[in-house]
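K.L.:
model this:
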Amino acid sequence: MKALIDELRSISTTCISDAMQGFNHLNTAIKPLKEEYKICGQAITVKVPSGDNMMVLQAMKSGKPGDILVVDAEGARYRSFAGDFVIGLARTLGFGGVVADGTVRDILSIKEMNYPVFCLGATLACSKKIGMGEINVPISCGGVTIHPGDIIVGDANGVLVIPKERAEQVLEAAETKMKKDQVRAESALVNREAALKYIENLLPEK
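P.N.:
Predicted coordinates:
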């Protein structure tokens, strides 16, 4: 699986999206805190009630380096699912990134970590630690069902989910799409005449 993930990491999210016919995109409101962030790894899933992050900490014990911590925080915006300390723990433990349909706080210090976090933005209010929730179960994050072990890929364009049982198929289709895009660019983006010819071939006959 590691080799497959490494190959997927080298392909643009847009090619992977095309290979999946545009399905399995998380809500576009879930964005990286910095545009340069890119993630690719298997999901460790955690479901927490709005404003409670005890199970986020518990989930960190079950991951391995490179995994992506995916938090179903119910789209909560008032209370954060994590601050800079919790995000710092994820980085120290070697997670490949954090994705959540919730908000963080301490956003400036999190950005200073240069550690990939994809979420709904920032808030002031801290999380509670009541302890409700579940770990490594199917969750809904950003409107998409995510199972433990599914592959999460994200960058400035957004985040998508590749079901683990379809990973090889999606990789093959994405590589094919990437090669077609390269050929198209080499043939159509050479000069003005080539660009006009390509456009003409796309347009219906009059």
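
K.L.:
Tell me where the protein is predicted with low confidence.
P.N.:
Applying pLDDT under 70 to the chain picks out residues 206.

K.L.:
helices or strands up against the longest helix along the chain?
P.N.:
For the chain, the longest helix by residue count, based on DSSP state H, is helix 167-188. For helix 167-188, the contact count by 3 or more Cβ pairs under 8 Å, 6 or more residues apart in numbering; DSSP states H and E identifies helix 2-9, helix 13-19, helix 192-202 as packing neighbours. The way it works is simple: take the backbone N, C-alpha and C, and place the C-beta from them, glycine included.

K.L.:
Now those in a markdown table, please, with extra columns for mean neighbour count.
P.N.:
A markdown table is the format used below for these (neighbours: other Cβ atoms under 10 Å):
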| stretch | mean neighbour count |
| --- | --- |
| helix 2-9 | 14 |
| helix 13-19 | 19 |
| helix 192-202 | 10 |
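
K.L.:
got those as CSV, with distance to residue 127 columns?
P.N.:
CSV is the format used below for those (distance: least, Cβ to Cβ, whole Å):
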stretch, distance to residue 127
helix 2-9, 30
helix 13-19, 29
helix 192-202, 51
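
K.L.:
Of all those helices, which one is nearest residue 113?
P.N.:
Checking these against residue 113 by Cβ to Cβ gives helix 2-9 as the closest, at 20.2 Å.

K.L.:
For the closest one, give me every contacting residue.
P.N.:
Contacts of helix 2-9 from elsewhere in the structure, counted by Cβ atoms under 8 Å, 6 or more residues apart in numbering, are 16, 38, 40-42, 66, 151, 153, 162, 167-168, 170-171, 174-175.

K.L.:
follow-up on the earlier one: could you give the angle of the longest helix of the chain to helix 2-9?
P.N.:
Relative orientation of helix 167-188 and helix 2-9, computed by axes from the mean of the first three to the mean of the last three Cα atoms, to 10 degrees: 30 degrees.

K.L.:
Just the CA coordinates for helix 167-188, please, in PDB.
P.N.:
These are the backbone C-alpha positions of helix 167-188, laid out as PDB (Å, rounded to 0.1, in the frame of the first residue of the first chain):
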ATOM      1  CA  ALA A 167      -7.100   2.300  -5.100                       C
ATOM      2  CA  GLU A 168      -5.200   0.400  -7.800                       C
ATOM      3  CA  GLN A 169      -7.900   0.900 -10.400                       C
ATOM      4  CA  VAL A 170      -8.000   4.700  -9.600                       C
ATOM      5  CA  LEU A 171      -4.200   4.900  -9.800                       C
ATOM      6  CA  GLU A 172      -4.200   3.300 -13.200                       C
ATOM      7  CA  ALA A 173      -7.000   5.600 -14.500                       C
ATOM      8  CA  ALA A 174      -5.300   8.700 -13.000                       C
ATOM      9  CA  GLU A 175      -1.900   7.800 -14.600                       C
ATOM     10  CA  THR A 176      -3.600   7.400 -18.000                       C
ATOM     11  CA  LYS A 177      -5.400  10.800 -17.600                       C
ATOM     12  CA  MET A 178      -2.100  12.500 -16.600                       C
ATOM     13  CA  LYS A 179      -0.300  11.200 -19.700                       C
ATOM     14  CA  LYS A 180      -3.200  12.400 -21.900                       C
ATOM     15  CA  ASP A 181      -3.000  15.800 -20.300                       C
ATOM     16  CA  GLN A 182       0.800  16.000 -20.900                       C
ATOM     17  CA  VAL A 183       0.300  15.000 -24.600                       C
ATOM     18  CA  ARG A 184      -2.500  17.600 -24.900                       C
ATOM     19  CA  ALA A 185      -0.300  20.300 -23.400                       C
ATOM     20  CA  GLU A 186       2.700  19.500 -25.700                       C
ATOM     21  CA  SER A 187       0.500  19.600 -28.800                       C
ATOM     22  CA  ALA A 188      -1.700  22.600 -28.000                       C
END
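
K.L.:
Many thanks, we can stop here.
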